[in-house]
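Asker: Predicted structure and sequence below. I'll ask about it afterward.
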Amino acid sequence: MNPLDGRLAAIFDSVADGVTVLDRTGHIQFANDTAAQLLGRQRGSDVIGLAGAELMAEYELLESEGSTLDPNLMPTRRAFAGETDPEQTVRFRRRSGGDDHWSLVRARLLAGDEPADDLVVTAFQDITSLKRSEARLRLLAEASAILAEPVDYPQALQRVADLAVPGIADWCVVDVLEWTRGVTRAAIAHADPDALDLAREVWQRWPADASRPGAVHEMLARRRPTLFAEMTDEILQAAARDPEHLAALRQLGMRSVVVVPLESRGEMLGALTLVHSTSGRRFEAADVELAAELGRRIGAAIDVARLVWETQENARLRDEFIAVASHDMRTPLAAVRGYAQLAQRRLDRGEVDPEALGRWLRDIDGAVDRLTDLVSELLDATLVRAEGSVPLQVSRIPLGDIVRDAVERLQPLAAAHRFVVGVADPEPVGVWDSARLGRVLDNILGNAVKYSPEGGEVRIRVGQEDDTAIVAVTDTGIGIAPGDRELIFNPMFRGQNIGTVAGTGLGLAGSRRLVGLMGGSITVASRLGEGSTFTVRLPFAPPGAETTGY
Amino acid sequence: MQTAQPHNSATPSRREHARVLVVDDDDALREIYVDALGGSGYEVRGAADGAAALHLMESGWQPCVIFLDLRMPGMDGWELARRIRSEDRWRDIRIVVVAAHFRIDREAAEIGASAWLQKPFDLGRLEQHARRLCDC
């Protein structure tokens, strides 16, 4: 007796591949445990004697890439038909849902004495992880190709989202955080067109918000990829903003969720969310790695798009600024030239009128003053982001004087607004660059007028807190949304003011920088629809003033 | 355009009847242009904006040429040009755009101006344009 007899089953159970033996009636004569598990059973003995076709009926048989597989191509049938050692990659999809599995299937005929005694032994090598890796690499390669194209970003993000569905996820959402202006908000893709509408509606009505509970919030707080392998109702309840939102989230049928950052150069630019729902699939560690890599590539692409946009925007602002500045400079230049030529003509004709000549020379002097101011403004505005200091021209001056001068400059241009100046007693007096501080106030007061209704009141309080002088400008305007309160100091926002506020184009970015040079700060408090208060805080002398002898 | 000529070589008798209007919100420039053209024998008036210019013309004082700034508070140069072009009685009035901004050539063409001068310019150019547009 062969010592292996009776132990063959145990030997087959120890191999990694599934092994079955079928007879010509299609019944399973033998199956190891692995084969039984591939068929959704536990032990080989559970399936012995069953009809192979019946067990297979629980599965959709697909080609590797997902198209339907002709059953006659299954190696077992081909071996019975006389083909030598046929093999085929088969993708198994359980009809009741769950992840697809790939097997490399090989079969061999074991001929019997009679054809009826023929057996076919079939081996199933599980290549699912290999196939998934392939799919992941392919997705990354395709996504990189799309993101590298110089297309507009809404389109690129949408194409990447489409790419992830349905291979990697049932649906995919790209959220770009709001502070990355110039880049599209986001993209969404869903394997099921009907569910897409619902998902889009929820996503638009309750957009991802870094400041509110939810998967995106959690990921942003941790700054790391976050896996919700099993989505539970508790998680939904915690994420829901209101009962209606909760109902919508439940309706979405999320089963498993991965959220990863869109990150570039250490900055969080948004979130990529992958969801499994109807397919019943679950995300695992390898999916998180894939999503994280995809997130990094999207992040880098957004970063590039943003830099390109910023560069173009800066060029546009510069051109606009130069156009405005050259216009503003040509007018006093025309006066200088005009008076000089008038005077020359009188001299040529021997008609010297000392009274007229004196007046013209004074006007020339005044025009040169305006030109000098314009050149200073031009430098202040264009050096907004340059490093290094712009030399301050300081003198001891009451803060109220600088404020009153600014109000006087603006009042004729804002006849419908009322300015109320309140100066503390004693009035703060310090060593300041009055021309630059004046321009800062021109800007803040100009904004107060521009963003408040006609007839509005602009209140200016001049005072002192400890070692700091304060100018607070309060308007009754439209206010500033919470998310914009820091953004308005961003040089990118400068463009809105150029050419409209007293011709300086300095903007809040320049104002903050100038005040910063004087050792001070500008802050803003605001209520939407009620108004804003800009507060300038200044030390009584600029930094280093003692050592430089002011 | 004619070549530059000494201003005393033109015909004073024609010029005494030639009316020239300077529209500019900048007081200094208006004074300079009025003075320069007046010194060459034209009957010159100044207006600080489109409305003042229109008022003057409505009262019967019709110029042959208007030196017109475009950007002005109140009624600007574009609006004044549009009003002039919409009135048949003013169809012979020539306009020379006098302005400081970019793309003045395109803007002058758009309002149907005969010429343009970008500030700052030689005062002799004012007279050249006045002579060419009024004495022909």
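Answerer: Cool, got the structure. Numbering: from 1, shown residues only, chains lettered A, B, ... in the order given.
Asker: For the helix or strand hosting residue A:448, the averaged confidence score.
Answerer: Remark: residue A:448 resides in helix A:434-450, with elements defined by DSSP states H and E. Confidence for helix A:434-450, expressed as mean pLDDT, is 88.
Asker: can you map out the helices along the stretch 401-550 of chain A?
Answerer: All helices of the stretch 401-550 of chain A, identified by DSSP state H, counting those that start in this stretch, fall at A:434-450, A:507-517, A:545-548.
Asker: thinking again about what came up before, quick one: the helix holding residue A:448 near chain B?
Answerer: No. For helix A:434-450 and chain B, the contact criterion (C-beta under 8 Å from any C-beta of the partner chain) is not met; the two come no nearer than 15.2 Å. For every residue, glycine as well, the C-beta is placed using N, CA and C.
Asker: what angle sits between that helix and helix A:507-517?
Answerer: Compare the direction of helix A:434-450 with that of helix A:507-517 by axes from the mean of the first three to the mean of the last three C-alpha atoms, to 10 degrees and you get 150 degrees.
Asker: name the helices or strands packed onto helix A:434-450?
Answerer: Applying 3 or more C-beta pairs under 8 Å, 6 or more residues apart in numbering or on different chains; DSSP states H and E, one finds that helix A:434-450 makes contact with helix A:354-382, helix A:399-410, strand A:457-465, strand A:468-474, helix A:507-517, strand A:531-539.
Asker: CA-only coordinates of the third one in CSV, if you can.
Answerer: Taking C-alpha atoms only, strand A:457-465 is exported to CSV below (Å, rounded to 0.1, in the frame of the first residue of the first chain):
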residue,chain,number,x,y,z
GLU,A,457,-21.1,106.5,8.8
VAL,A,458,-17.4,105.8,9.2
ARG,A,459,-16.2,106.1,12.7
ILE,A,460,-12.5,106.6,13.4
ARG,A,461,-11.3,106.3,17.0
VAL,A,462,-7.8,107.4,17.8
GLY,A,463,-6.5,106.3,21.2
GLN,A,464,-3.9,104.5,23.2
GLU,A,465,-3.6,101.2,25.0
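Asker: Could you tell me how far it lies from the centre of the chain?
Answerer: Averaged C-alpha coordinates place strand A:457-465 at 38 Å from its chain's average position (C-alpha atoms, centre = their mean, to the nearest Å).
Asker: Would you indicate which residues of it are buried?
Answerer: Buried residues in strand A:457-465, defined by neighbour count with 16 or more other C-beta atoms under 10 Å in any protein chain shown: A:458-464.
Asker: near chain B, which residues of chain A?
Answerer: Taking C-beta under 8 Å from any C-beta as the test, the list of chain A residues beside chain B reads A:323, A:326-328, A:330-331, A:333-339, A:341-342, A:345, A:363, A:367.
Asker: Now list the buried members of the residues you listed.
Answerer: Applying a neighbour-count criterion of 16+ other C-beta under 10 Å, the buried members of the residues of chain A next to chain B are A:327-328, A:330-331, A:333-339, A:341-342, A:345, A:363, A:367.
Asker: now, which of those sits nearest residue A:122?
Answerer: Checking those against residue A:122 with C-beta to C-beta, the nearest one is residue A:327 at 84.8 Å.
Asker: what mean pLDDT does stretch B:91-103 have?
Answerer: pLDDT averaged over stretch B:91-103 equals 89, rounded to a whole number.
Asker: Kindly export that stretch (C-alpha atoms) in CSV.
Answerer: As requested, the backbone C-alpha atoms of stretch B:91-103 are provided in CSV (Å, rounded to 0.1, in the frame of the first residue of the first chain):
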residue,chain,number,x,y,z
ARG,B,91,-21.8,117.0,-36.7
ASP,B,92,-19.0,119.3,-37.9
ILE,B,93,-17.4,119.6,-34.5
ARG,B,94,-14.0,117.9,-34.4
ILE,B,95,-12.7,116.2,-31.4
VAL,B,96,-9.1,115.7,-30.3
VAL,B,97,-8.7,113.4,-27.4
VAL,B,98,-6.2,114.7,-24.8
ALA,B,99,-5.6,112.1,-22.2
ALA,B,100,-3.0,110.4,-20.1
HIS,B,101,-4.0,106.7,-20.2
PHE,B,102,-2.9,103.7,-22.1
ARG,B,103,-4.6,102.7,-25.4
